[in-house]
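Colleague: Give me a 3D structure for the following:
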Amino acid sequence: MGDRETDQILVERVQQGDKQAFGLLVAKYQRKLVRLLSRLITDPAEVEDVAQEAFIKAYRALPGFRGESAFYTWLYRIGINAAKNHWAAKGRRAPVATEFDNEDAEGFENGEHLHDNNTPERMLMSKQLGNTVNSAMDALPEELRNAIVLREIDGLSYEEIAQIMDCPIGTVRSRIFRAREAIAEKLKPLLDTAPDRRW
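Modeller: Numbering: from 1, shown residues only. Next up is the predicted model:
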């Protein structure tokens, strides 16, 4: 039995009044949701608050969940909307700050350039590449940043991202392509990439 089927059984148990089943879903997805939200909100205390709010909203909305998408896809969408509402309530747009370490950055295409081989030069290059990726991510518009984070960091499929972001798959592909292009452009000087090559 796969994750989706297991989640659906737990959802049905929650819909029948089993609160412990929801506790299992929270335990399963809390770390992933917090990791997603920490890409959108910089203050760890606010991340925890928004995650808790997202789980509360999910619990209240579960009676209407029909299983047309995977539970975690639905939950991530609620989490992203909760983050947007959090920033709207503060009267400002979501910041573009993200923190990536080398392990995160290796999820990007051509990640072998980011491996640390323990030489001072490699360590410096790795740090520069990580900082450049962070800077490029910071400069992305929110839609592009969300799409690339869901794809490259969380490993979601295009279909799942389309459901979370509530847009067509073609739009998701376009956003991810544009995000990769922007990141690649910033990395070219560090990687001595030929002008006609993306990476």
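Colleague: Could I get the CA-only coordinates of the top helix by length along the chain as PDB?
Modeller: For the chain, the helix that runs over the most residues, judged by DSSP state H, is helix 169-191. C-alpha atoms of helix 169-191 as PDB (Å, rounded to 0.1, in the frame of the first residue of the first chain):
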ATOM      1  CA  ILE A 169       0.800  22.000 -15.600                       C
ATOM      2  CA  GLY A 170       2.000  24.100 -18.500                       C
ATOM      3  CA  THR A 171       2.200  27.100 -16.200                       C
ATOM      4  CA  VAL A 172       4.200  25.000 -13.700                       C
ATOM      5  CA  ARG A 173       6.600  23.900 -16.300                       C
ATOM      6  CA  SER A 174       7.000  27.400 -17.500                       C
ATOM      7  CA  ARG A 175       7.600  28.800 -14.000                       C
ATOM      8  CA  ILE A 176      10.200  26.100 -13.200                       C
ATOM      9  CA  PHE A 177      12.000  26.600 -16.600                       C
ATOM     10  CA  ARG A 178      12.100  30.400 -16.000                       C
ATOM     11  CA  ALA A 179      13.400  29.800 -12.400                       C
ATOM     12  CA  ARG A 180      16.100  27.500 -13.600                       C
ATOM     13  CA  GLU A 181      17.100  29.900 -16.300                       C
ATOM     14  CA  ALA A 182      17.400  32.700 -13.800                       C
ATOM     15  CA  ILE A 183      19.500  30.600 -11.400                       C
ATOM     16  CA  ALA A 184      21.700  29.300 -14.300                       C
ATOM     17  CA  GLU A 185      22.300  32.900 -15.500                       C
ATOM     18  CA  LYS A 186      23.600  33.800 -12.000                       C
ATOM     19  CA  LEU A 187      25.800  30.600 -11.900                       C
ATOM     20  CA  LYS A 188      27.400  31.000 -15.300                       C
ATOM     21  CA  PRO A 189      30.300  33.400 -14.200                       C
ATOM     22  CA  LEU A 190      31.200  30.900 -11.400                       C
ATOM     23  CA  LEU A 191      31.100  27.800 -13.500                       C
END
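Colleague: Show me what that helix is packed up against.
Modeller: Helix 169-191 is packed against helix 120-139, helix 142-148, helix 158-165, with contacts defined by 3 or more C-beta pairs under 8 Å, 6 or more residues apart in numbering; DSSP states H and E. The C-beta positions use only the backbone N, C-alpha and C, and glycine is treated the same way.
Colleague: Count the residues that sit near the closest residue to residue 186 other than its chain neighbours.
Modeller: Residue nearest to residue 186 in three dimensions, not counting chain neighbours: residue 136, with 4.0 Å by C-beta to C-beta, 6 or more residues apart in numbering. A total of 20 residues lie near residue 136 under the criterion other C-beta atoms under 10 Å.
Colleague: The one 5 residues further on now?
Modeller: Close neighbours of residue 141, defined as other C-beta under 10 Å, add up to 13.
Colleague: ok now do the residue nearest to residue 186, which residues does it touch?
Modeller: Residue 136 makes contact with 182, 183, 185, 186, 187, according to C-beta atoms under 8 Å, 6 or more residues apart in numbering.
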